[in-house]
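Undergrad: Here's my sequence, what's the structure:
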Amino acid sequence: MLEVLSGGIQATIQDVGRPGYLATGMPPSGPADRFALGIANLLVGNDPGGPYLVGRRPGAAGVEVLLSGLGLRVLAETVIAVTGADLSPTLNGQPLPMWQSLRVRPGDEVAFAQARSGARAYLAVAGGIDVPLFAGSRATNVRAFVGGVEGRALKPGDMLRSFPPSRPARELEGRRLRPDLVPAFGARWRVRVVLGPQDDLFLPESIERFLTHDWRLSPTSDRMGCRYIGPPLEFRPRPAYLVEQAGADPSNIVDDTIPVGGIQVPGGVEPIVLHVDGPSLGGYAKIATVISADLGQVGQTRPGQVTNFAAVSTDEAVEALRALEGAIAEASIITP
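TA: Numbers count the residues shown, from 1 in each chain. Take a look at the predicted model:
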């Protein structure tokens, strides 16, 4: 069991999420960085769940920590692992090694301080965190008030219970991710996209500008939408049927479904990547869609950092997701 001492900027309970409900208006939620949470769970012997956004196995629930501030006290011996962004994690005031599992004992304190690289860290506990299921998942959606602990971010005094571990602690501690698989988080990101579904509404030079310009993440970004600052993107002359059906604003369309990772461009300025807590329906043209395998790159970008978008084919997007899911496997773990 863990006691929350401080909630930090935002810390939530997440598993792989609840795909399959977008048609009812419910986004999948789940981790902003699928790989990091999946590996954290593997390190402590938990089910990593998946596949991402299409599977029906939510896997074990862990804690997603945004930027800094979360503090926890251990109330019962267990094994934990911290992955994802380097948020200067400590155990009893000393640096806590990342991407590997370690045993903690009653009275130990885990804290996350300053973000050195990336934006979101993940903490997994042997057995997985025990909170109620909602629509088959424990993932938190704070805007919908569902999942996790009462549908909200963690706060001081919360008690996080866990299910029984899959194996004894002595068999789980000391496991680590293969060094060649540990991601490097820098200040510049390359995010792959599939153009569309409304890229035909944009001028060709706007498509080129979107794919060649440096885009900076705005501070007004969250798990619902990540807004990017850059040059305006112009539209083609508006067809008469769209003026009649959706109005004269060139960025408006008849309300349309939004895939996770869809990039809306309201008014032709500041593209918005709609992430795992994003809406299922909207009336703005979408220039492109972030491939599922790169949603973690978006989730790990800090405000002010630069992103470059690169167009790939649908086949390349599918292969990238297969590679991501294939890496979240026991073969990626080194045992002591």
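Undergrad: where along the chain do the helices fall?
TA: 34-43, 169-172, 204-212, 240-246, 295-299, 314-327 (DSSP state H).
Undergrad: Compute the inter-axis angle for the last one and helix 34-43.
TA: Interaxial angle of helix 314-327 relative to helix 34-43 (axes from the mean of the first three to the mean of the last three C-alpha atoms, to 10 degrees): 20 degrees.
Undergrad: Would you convert the helices of the chain into TSV that also reports distance to residue 146 and mean neighbour count?
TA: Heads up, the C-betas are built off the backbone N, CA and C, glycines and all. Formatted as TSV, the helices of the chain follow (distance: least, C-beta to C-beta, whole Å; neighbours: other C-beta atoms under 10 Å):
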stretch	distance to residue 146	mean neighbour count
helix 34-43	18	29
helix 169-172	31	16
helix 204-212	34	15
helix 240-246	31	13
helix 295-299	20	24
helix 314-327	25	15
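Undergrad: now for those, which one comes closest to residue 103?
TA: helix 169-172 (5.3 Å; C-beta to C-beta).
Undergrad: what packs against that closest one?
TA: strand 78-86, strand 101-104 (3 or more C-beta pairs under 8 Å, 6 or more residues apart in numbering; DSSP states H and E).
Undergrad: what's the most buried one of those strands?
TA: strand 78-86 (a mean of 26; mean count of other C-beta atoms under 10 Å).
Undergrad: Could you provide the helices of the chain in JSON lines, with additional columns for distance to residue 102?
TA: Formatted as JSON lines, the helices of the chain follow (distance: least, C-beta to C-beta, whole Å):
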{"stretch": "helix 34-43", "distance to residue 102": "9"}
{"stretch": "helix 169-172", "distance to residue 102": "9"}
{"stretch": "helix 204-212", "distance to residue 102": "43"}
{"stretch": "helix 240-246", "distance to residue 102": "55"}
{"stretch": "helix 295-299", "distance to residue 102": "24"}
{"stretch": "helix 314-327", "distance to residue 102": "22"}
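Undergrad: Ok, which of those comes nearest residue 2?
TA: Short answer: helix 34-43, nearest of the helices of the chain by C-beta to C-beta, at 14.3 Å.
Undergrad: Let's see that closest one as CSV, backbone CA atoms only.
TA: The C-alpha trace of helix 34-43 is given here as CSV (Å, rounded to 0.1, in the frame of the first residue of the first chain):
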residue,chain,number,x,y,z
ARG,A,34,2.2,3.6,-23.7
PHE,A,35,5.7,2.2,-23.8
ALA,A,36,6.8,3.7,-20.5
LEU,A,37,3.8,2.3,-18.6
GLY,A,38,3.9,-1.1,-20.3
ILE,A,39,7.6,-1.5,-19.4
ALA,A,40,7.0,-0.4,-15.8
ASN,A,41,4.4,-3.1,-15.4
LEU,A,42,6.6,-5.7,-17.0
LEU,A,43,9.5,-4.9,-14.6
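Undergrad: quick revisit: among the helices of the chain, which one carries the weakest average confidence?
TA: Least confidently modelled of the helices of the chain is helix 240-246, at a mean of 85 by mean pLDDT.
Undergrad: who wins for proximity to residue 37 among the helices and strands packed on helix 169-172?
TA: Nearest to residue 37, of the helices and strands packed on helix 169-172 and by C-beta to C-beta, is strand 78-86 at 7.4 Å.
Undergrad: tell me what that closest one is packed against?
TA: Going by 3+ C-beta pairs under 8 Å, 6+ apart, strand 78-86 lies up against helix 34-43, strand 101-104, strand 117-125, helix 169-172.
Undergrad: which residues are contacting the last one?
TA: Residues outside helix 169-172 that contact it (C-beta atoms under 8 Å, 6 or more residues apart in numbering): 43-45, 77-79, 101, 103, 126, 165-166.
Undergrad: same for the lowest-mean-pLDDT helix or strand in the chain, what does it pack against?
TA: Using mean pLDDT, DSSP states H and E, helix 240-246 stands out as the lowest-scoring helix or strand of the chain, at a mean of 85. Applying 3+ C-beta pairs under 8 Å, 6+ apart, we find helix 240-246 packed against strand 252-257.
Undergrad: Pull the distance from the least confident helix or strand of the chain to the chain's centre.
TA: Centroid separation between helix 240-246 and its chain, computed with C-alpha atoms, centre = their mean, to the nearest Å, is 36 Å.
Undergrad: Ok, stretch 155-169 next?
TA: 22 Å.
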